[in-house]
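Chemist: Predicted model and sequence below, questions to follow.
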Amino acid sequence: MKHDADILIVGGGLNGPALALALAGGGLRVTVVDARPAPARAEAGFDGRAYSLALASKRLLSVIGVWPQIADKVQPILEIKASDGHAGAGAAPFFLHFDHAEIEEGPMGFMAEDRHLYAAFLAAMEAVPNITLLSGETVTAQSIDASGASVTLASGPVLTARLLVGCDGRASGTAQRAGISRSGWGYGQTALVTAVTHALPHHGIAHQFFMPQGPLAILPLPGNRSSIVWSETDARAAQISALNDADYLNALRPRFGDFLGEIALAGTRFTYPLNLTLANSFVAPRLALVGDAAHGVHPIAGQGLNLGLRDVGALAQVVIEAARRGEDIGAVDVLERYQQWRRFDTTTLALGMDGVNRLFSNDNPLLRLGRDLGMGAVNALPGLRRRFIRTAAGLEGDLPRLLQGKQI
């Protein structure tokens, strides 16, 4: 049977284009269906949305041709400091301090704006002849048979491929149509996301303040700007979100503190309900799930996109190597290799972030003392601290070749 593509990717956020570029680099024909109009997103102005990219993710982006287009637009993360905090009291002395100088590879990670990342992905895909991008299109139905997978677009056409990949987020329609259920729970927390300018330089330091209601991350952007990911209880977040900009800033200031001088809003304000959601299977016949479609985690460590890019690297390697051996790339035994590679890692990290959030999002004095002592012990042991730094940089574990900076 002649297919429209070897692989059909539903979802054009960031993981979908990354996977398309990785697979196309192995000689496969790829079609990406993106529900959003691509040019509008690529040409958007600064809105404050940004991602933390681990050093290993930077290596993948370099291999697939995206990094050179954003290298001059990112902010290196040189240090990470974590501390307890209370609104109005500012942060306590940090109990955990990671410095990139303790590893040889360079910065632990980089902050990159959504608009720059997406524009770079779009330009890279346009330059690759075996990638077809269908923007502003949605999938209304899908079917699987022995010969391949097919999807029906809202505009009418039916597309076929040997393998269907869902990169369509936590509410993945691809997973739902395949009958893949999910496990998870809500946190009763909402993330308030924006960006601020500040009077003093951040020196490339990322801060994590653990407040009783939820963590506050202050993540450095180019210039005297920082991205804010501020977790509050659902009820309190709704109240804060309803405030005007001046009152919103007044609510943020006592939590942020004055260590960077006067602050002002610099981006659009967003809210995201926080939950843990894991697909009960990452694969099915002729189908695989990647990124949030497979696992949605708490943003407490900024690992969401990095986990997705690990999926990208693993699935691309499994599929390209299978194709070179003459195997059916949509066969269950091939896709099980991807699931075995990624499921344990993602589940372990997701549950670990869940535990950290529960441990730190409270004001129990005994828990506070125990966790501070435990983190202080990590900070005091150079070997253990170095291991944590390498983990934050994405350098630990069974890394796919792309995340090692190598071609497949």
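Modeler: Done, it's in. Computed from a predicted model, the values in this text were never measured in an experiment.
Chemist: for the chain, which strand is longest?
Modeler: strand 182-198 (DSSP state E).
Chemist: Remind me what it packs against, helices and strands.
Modeler: Helices and strands touching strand 182-198, by 3 or more C-beta pairs under 8 Å, 6 or more residues apart in numbering; DSSP states H and E, are strand 214-221, strand 225-233, helix 234-241, strand 263-265, strand 270-279. Every residue, glycine included, has its C-beta placed from N, CA and C.
Chemist: In CSV, list these along with mean pLDDT.
Modeler: Shown next, in CSV, are those (pLDDT from 0 to 100):
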stretch, mean pLDDT
strand 214-221, 91
strand 225-233, 93
helix 234-241, 96
strand 263-265, 96
strand 270-279, 91
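Chemist: so which of those comes closest to Val165?
Modeler: Closest to Val165 of these is strand 270-279 (C-beta to C-beta; 12.8 Å).
Chemist: Give the partner strands of the next helix or strand after the closest one in its sheet and their orientations.
Modeler: Proceeding N to C from strand 270-279, the next assigned helix or strand is strand 283-284, under DSSP states H and E. Sheet partners assigned to strand 283-284 using DSSP bridges are listed as strand 287-289 (antiparallel).
Chemist: list the buried ones in the partner strand?
Modeler: Across strand 287-289, burial judged by 16 or more other C-beta atoms under 10 Å covers 287-289.
Chemist: chain center to it: distance?
Modeler: The chain centre lies 18 Å from the centre of strand 287-289; the measure is C-alpha atoms, centre = their mean, to the nearest Å.
Chemist: Equivalent analysis for stretch 147-156, please.
Modeler: Distance, centroid of stretch 147-156 to centroid of chain: 28 Å (C-alpha atoms, centre = their mean).
Chemist: How about the contacts made by Asp345?
Modeler: 310, 397-398 (C-beta atoms under 8 Å, 6 or more residues apart in numbering).
Chemist: Restricted to helices, list these.
Modeler: Among those, the members falling in helices (DSSP state H) are Arg310.
Chemist: Quick check: PyMOL command selecting the buried ones in the contacts of Asp345.
Modeler: Per 16+ other C-beta under 10 Å, the buried members of the contacts of Asp345 correspond to this PyMOL selection:
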select buried, resi 310
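Chemist: tell me which of the contacts of Asp345 is nearest to Asp34?
Modeler: Arg310 (21.7 Å).
Chemist: quick one: the closest one and Arg225, what's the gap?
Modeler: Counting by C-beta to C-beta, to the nearest Å, the separation of Arg310 from Arg225 is 28 Å.
Chemist: With Leu61 instead?
Modeler: 22 Å.
Chemist: quick one on the thing from earlier: including distance to Ala242 and pLDDT, could the buried residues of strand 287-289 go into JSON lines?
Modeler: Output for these, formatted as JSON lines (distance: C-beta to C-beta, whole Å; pLDDT from 0 to 100):
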{"residue": "Leu287", "distance to Ala242": "41", "pLDDT": "98"}
{"residue": "Ala288", "distance to Ala242": "40", "pLDDT": "98"}
{"residue": "Leu289", "distance to Ala242": "35", "pLDDT": "98"}
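Chemist: of those, closest to Ala54?
Modeler: Nearest member of the buried residues of strand 287-289 to Ala54, counting by C-beta to C-beta, is Leu289, at 21.0 Å.
Chemist: What's opposite that closest one in the beta bridge?
Modeler: Leu289 has these beta-bridge partners by DSSP bridges: Gly166.
Chemist: nearest spatial neighbour of Glu396, skipping sequence neighbours?
Modeler: Closest residue to Glu396 apart from its sequence neighbours, by C-beta to C-beta, 6 or more residues apart in numbering: Arg390 at 5.3 Å.
Chemist: Quickly find the element holding the one you found.
Modeler: Assigned by DSSP H and E, Arg390 belongs to helix 382-392.
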